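> the following block contains a protein sequence and its predicted model.
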Amino acid sequence: MEILDCLGKRCPLPVIELAKVLKIKPIGFQITLLSDDPASAPDLIAWARMTGNNAKVIDATSFEITKLSD
Amino acid sequence: MALPHIFEVAWPDPSKLGVDSKSAALLLNEARETFAGHLGVRSDEITFLGEANIGFQLGISGLMSGKNRLVYSNIDRMEVFAVAKEHQSEQLQVSSTGQIAYENLTSEDVVALQLCNRETGTIQSARPANCAGIFVDATASGTRIALPENWSTALWDSTSWAGPGGLGVFALSKRANWSNPLPHLDNRINPGPTSLPLIVASALAIDSWVADEKNLAAKISAINSDIRSFIMANIPDADIAPGGADHLISASFLYVNAEQLVTALADKGFAVDSGSACNATNMQPSHVLAAIGLLTQGNIRLTIHHATTFEEIKGFLQTLAQTVLELRA
């Protein structure tokens, strides 16, 4: 699985970079996002709900993202 | 009565003898009666606090004995979290609308109940029953929401009725099983002294605030609806906290840096607060937004005041939409 490394980047950068990557990818695309920003866990879940995608918390700094919507 | 005049007449210590102190004591008693009437408590149940947030420690720890368990929620204020660390406690998780379900409360539980959340405006509808005691956090609701009948201790903040800051109103019910958690030698609740001029000014403020609220509640509710519908119609990828108290709105915008948003709005003359991490001194996102599952980035918190006008809001919303667009570019 591809990895998007956002370690050290502060909110809202991880979510912005994720959205940029997903824009050009097909539905069903999966990527692991690495982020140690304290806002990433709540914000990736909220982002997934708002945009119709999926975000799964793997551990404190890694998240599994699935593109489900354009 | 203007504030400078209050400072002229309310300087003496009301607890001393002498003519000046007697008139100060009279002012204090009048203020006490005023608050009692508006807050729905007895005047002898009221204590004024020069440092409002000490009321969380007084109100909660005073109800806890060794056998009690404190039950609070994950959208309570950090001051409640701090007090909970000292006791056996359980933190309840709110639903996606910010509501608490009280299940399995026992007669040994002390409950911290927040009537209204100051960030999202969430109004708590559940009321605990059959427990050892209830501390009511009324710091955001002010006079808007009545105390539950079975309250034990309660705390208000003078700023919630547009009174001076730096003043809390604490109430201890005659029924409560309470002992003072602060070091003390007599039956005084707080060491004091609390500024009498601030108390008198706050009593005047609550009187006029309550009178205004009767006439202005409908306007504030209409402004709230206007803001919500404008954002939903004109700003994509916005997350607005579910409705609650009409004077509070929390909205978050995806892909927006809150610090830049708050600064840009301030430059254009609009003072808003934010629950985003980049705007917090500890760089942590708002625990309230996270607990309810709301977006924490690009967050702004709005307070609609009695004096807020439709014209002001119209200008604000245009500026907001434009600024969010610019920051996302």
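Right, received. Where do you want to start? Given the structure is predicted, the values throughout are model-derived calculations rather than measurements. Numbering: from 1, shown residues only, chains lettered A, B, ... in the order given.
> can you show me the strands along the chain?
In the absence of a named chain, this looks at chain A. Using DSSP state E, the strands of chain A run over A:2-5, A:30-34, A:54-59, A:62-66.
> you looked at the wrong chain, it should be chain B
Counting by DSSP E, the strands of chain B are B:46-49, B:69-73, B:89-92, B:109-114, B:133-137, B:153-157, B:168-172, B:238-240, B:248-253, B:299-303.
> can you tell which of those strands is closest to chain A?
Nearest to chain A among these is strand B:238-240; the distance by CB to the nearest CB comes to 6.0 Å. C-beta: built from backbone N, CA, C; applies to glycine.
> before we move on, back to that, would you tell me which one of the strands of chain A is buried the most?
strand A:62-66 (a mean of 19; mean count of other CB atoms under 10 Å in any protein chain shown).
> quick check: B:G142 touching B:G163?
No. The pair B:G142 / B:G163 is not scored as a contact, 9.3 Å apart, by CB atoms under 8 Å.
> in chain B, where's the longest helix?
If you go by DSSP state H, chain B has its longest helix at helix B:196-234.
> between the strands of chain A, which gets nearest to chain B?
Nearest of the strands of chain A to chain B, taken as CB to the nearest CB: strand A:54-59 at 11.9 Å.
> neighbouring strands - and their directions - for that closest one?
Strand A:54-59 pairs in its sheet with strand A:62-66 (antiparallel), by DSSP bridges.
> now the angle from the strand it pairs with to strand A:30-34?
Interaxial angle of strand A:62-66 relative to strand A:30-34 (axes from the mean of the first three to the mean of the last three CA atoms, to 10 degrees): 150 degrees.
> what residue ranges in the stretch 1-150 of chain B score low on pLDDT?
B:1 (pLDDT under 70).
> which residue is it, in it, that comes closest to chain A?
Chain A sits closest to B:S96 of the stretch 1-150 of chain B, with a gap of 9.3 Å, by CB to the nearest CB.
> and chain A, which of its residues are near chain B?
A:10-12, A:15-16, A:19, A:37-39, A:41-43, A:45-47, A:49-51 (CB under 8 Å from any CB of the partner chain).
> looking at those residues, which are in helices?
The helices, defined by DSSP H, take in A:V15, A:I16, A:A19, A:A41, A:P42, A:D43, A:I45, A:A46, A:W47, A:R49, A:M50, A:T51 from these.
> report the contact partners of residue 67.
As the question left the chain open, I've gone with chain A. A:L22, A:K25, A:P26, A:I27, A:G28, A:F29, A:Q30, A:N53 (CB atoms under 8 Å, 6 or more residues apart in numbering or on different chains).
> the intended chain is chain B.
B:K67 makes contact with B:E108 under the criterion CB under 8 Å, 6+ apart.
> measure it to B:I220 for me?
As judged by CB to CB, to the nearest Å, B:K67 and B:I220 stand 44 Å apart.
> and if you look at B:I292?
Distance from B:I292 to B:I220, by CB to CB: 22 Å.
> neighbour count: those two, which is higher?
B:I292 (26 against 16; other CB atoms under 10 Å in any protein chain shown).
> my guess is that one contacts B:Q99, does it?
No. Using CB under 8 Å, B:I292 is not in contact with B:Q99; the gap is 9.5 Å.
> quick check: residues of chain B near chain A?
Within chain B, the positions lying close to chain A (CB under 8 Å from any CB) are B:237, B:239, B:252, B:254-257, B:276-278, B:283-285, B:289-290, B:293-298.
> what residues does stretch B:309-322 touch?
B:219, B:222-223, B:226-227, B:230-231, B:234-235, B:265, B:268, B:270, B:300, B:304.
> no, scratch that, I was asking about stretch B:188-197
With CB under 8 Å, 6+ apart, stretch B:188-197 has contacts from B:3, B:6-7, B:10-11, B:13-14, B:24, B:27-28, B:47-50, B:54, B:58, B:166-167, B:170, B:172, B:180, B:182, B:184.
> can you list the weak-confidence ranges in chain A?
Within chain A, not a single segment meets pLDDT under 70.
> one step back: and the longest helix of chain B, which residues are buried?
Buried residues in helix B:196-234, defined by neighbour count with 16 or more other CB atoms under 10 Å in any protein chain shown: B:196-206, B:209-210, B:213, B:216, B:220, B:223-224, B:227, B:230-231.
> just stretch B:292-305 next, same as before
Buried, per 16+ other CB under 10 Å, within stretch B:292-305: B:I292, B:G293, B:L294, B:L295, B:T296, B:Q297, B:G298, B:N299, B:I300, B:R301, B:L302, B:I304.
> just to revisit the earlier point, of the ones in helices among the residues of chain A next to chain B - the most surrounded one?
In terms of neighbours by other CB under 10 Å, those top out with A:D43 at 31 neighbours.
> tell me the spacing between that one and A:R49.
Counting by CB to CB, the separation of A:D43 from A:R49 is 11 Å.
> can you check A:P12 too?
16 Å.
> now swap in B:A211 and tell me
In terms of CB to CB, B:A211 sits 43 Å off from A:R49.
> report the inter-axis angle for the longest helix of chain B versus strand B:153-157.
Angle, helix B:196-234 to strand B:153-157, by the same axes, to 10 degrees: 80 degrees.
> centre of the chain to helix B:196-234, how far?
Averaging C-alpha positions (CA atoms, centre = their mean, to the nearest Å) puts helix B:196-234 14 Å from its chain's average.
> between it and strand B:248-253, how many degrees?
Using the same axes, to 10 degrees, the inter-axis angle of helix B:196-234 relative to strand B:248-253 is 40 degrees.
> for residue 25, list the residues it contacts.
No chain in the question, so chain A it is. A:I31, A:K67.
> looking at chain B here, not the other one
Here B:A25 is in contact with B:P14, B:S15 (CB under 8 Å, 6+ apart).
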